[in-house]
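J.: Just a sequence and a predicted model for now, questions to come.
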Number of protein chains: 2
Amino acid sequence: MTNTSHKVAFPVEKARRYLEPGPIVLVSSCWQGERNVMTLGWHTVMAFSPSLLGCVISAGNHSHELVRRSGECVINLPTTELTDTVIGIGNSSGAEVDKFERFDLTSEPAEQVAAPRIRECHAHFECRLVDDSLVERYDFFIWEVVSAQVAQTPAHPQTLHYTGDGVFMVAGEAIDRRSQFLPEML
Amino acid sequence: MTNTSHKVAFPVEKARRYLEPGPIVLVSSCWQGERNVMTLGWHTVMAFSPSLLGCVISAGNHSHELVRRSGECVINLPTTELTDTVIGIGNSSGAEVDKFERFDLTSEPAEQVAAPRIRECHAHFECRLVDDSLVERYDFFIWEVVSAQVAQTPAHPQTLHYTGDGVFMVAGEAIDRRSQFLPEML
């Protein structure tokens, strides 16, 4: 079980460790006193350094305007302990309800951005918008991770991976194949 | 175990079923008689219809020029049966070796593109390049899936999810939470 009360700084250029496997994440944002959180499965790592992430946040989502206007967000990593919460967040709108209150989430101040972190999550990636050139056409935002914090245990959090149709794949075992890699590929 | 000898057509607008969970994929390509295959973990679904995918293929990869010049690729989905092959492909360069021969992969003609499919994989997503506006700056390609084929069993293939450092997370159990979703969110 994730010990979410104690997290440590994590190198931003290693964000792929948690995000490349493709988990559902919770994106938190705020703008002019309004805050929101949404589920997101359409994201990708784009570069190590600077640490870049790309993601699609549809204009139909209440968070779209909040992240666009503030130019900030926090990408939080939930685990299976939060499965019901993840589903609840994905099936409600921030236009109608404060999801932090509704789902009993603890909002914490982030280090580098005004958007809040969600304490109950395993890891946080604080992001600043660096490229909005594809927002109009594809709702595609490119972020730089400017600060990251992770829980120290477990080493391999049991993340949720969405397949559509209400079905999630849950992260299984980790297999270490380091010995088969060229040194320069590690 | 995947029955890779028999695949059926799959609706392109449902590509997220296999790709949103974030698996490592094998990208096959060809250009002017040269073919190649590479491993890829930096990809995201971008739209349902047209079915769009975005991915980062570094200019340092031999495949970069092949996919850029041909404007085509096939995104193939390997499972844990191919773990050694996936690692071998990721740790060698198509500039030096024909990876289909080296790794004993069966090249099959695709339906809509000249790039070959890899028979040993669970699913194939045939892609055409629709937007290269971020290739110069981020090596980011946006593809339209124009045809897809999948093996019918197993329903939940055991995919590989890369975390860096030679460690993969293997897809675990599937959990069906359809009953908790609003009808319009399915």
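T.: Good, I have the coordinates.
J.: Could you report the neighbour count for whatever residue of chain A ends up closest to chain B?
T.: Here the residue of chain A nearest chain B is A:Gly22; by Cβ to the nearest Cβ that distance is 1.1 Å. Every residue, glycine included, has its C-beta placed from N, CA and C. By other Cβ atoms under 10 Å in any protein chain shown, 30 other residues sit near A:Gly22.
J.: Which pLDDT value goes with it?
T.: With respect to pLDDT, A:Gly22 scores 98.
J.: Now for the nearest residue to it once chain neighbours are set aside: which residues touch it?
T.: Once flanking residues are discounted, A:Gly22 sits nearest to B:Gly22: 1.1 Å by Cβ to Cβ, 6 or more residues apart in numbering or on different chains. Listed by Cβ atoms under 8 Å, 6 or more residues apart in numbering or on different chains, the contact partners of B:Gly22 are A:20-23, A:161, B:41, B:161.
J.: Over to A:Asp139?
T.: A:56-59, A:64.
J.: near chain B, from the residues you listed?
T.: A:Val56 (Cβ under 8 Å from any Cβ of the partner chain).
J.: what about burial for the contacts of A:Asp139, which qualify?
T.: By neighbour count, with 16 or more other Cβ atoms under 10 Å in any protein chain shown, those hold A:56-57, A:64 as buried.
J.: can you give me the helices in chain A?
T.: A:16-19, A:63-70, A:83-90, A:99-102, A:135-138 (DSSP state H).
J.: Does chain B have contacts with the first one?
T.: It refers to helix A:16-19. Yes: using Cβ under 8 Å from any Cβ, we find that helix A:16-19 touches chain B at A:16-18.
J.: Sort out which of the residues you listed are buried, if you could.
T.: A:16-18.
J.: Take those and write them to a markdown table, including pLDDT and distance to A:Ser49.
T.: Shown next, in a markdown table, are these (pLDDT from 0 to 100; distance: Cβ to Cβ, whole Å):
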| residue | pLDDT | distance to A:Ser49 |
| --- | --- | --- |
| A:Arg16 | 98 | 11 |
| A:Arg17 | 98 | 14 |
| A:Tyr18 | 98 | 16 |
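J.: Between those residues, which sits nearest B:Phe140?
T.: Using Cβ to Cβ, A:Arg16 comes nearest to B:Phe140 of these, at 15.5 Å.
J.: In contact with the closest one, which residues?
T.: So, once contact is read as Cβ under 8 Å, 6+ apart, A:Arg16 ends up touching A:45, A:48, B:41, B:162-164.
J.: what do you get if the cut-off is 6 Å, keeping everything else the same?
T.: Residues in contact with A:Arg16, defined by Cβ atoms under 6 Å, 6 or more residues apart in numbering or on different chains, are A:45, B:164.
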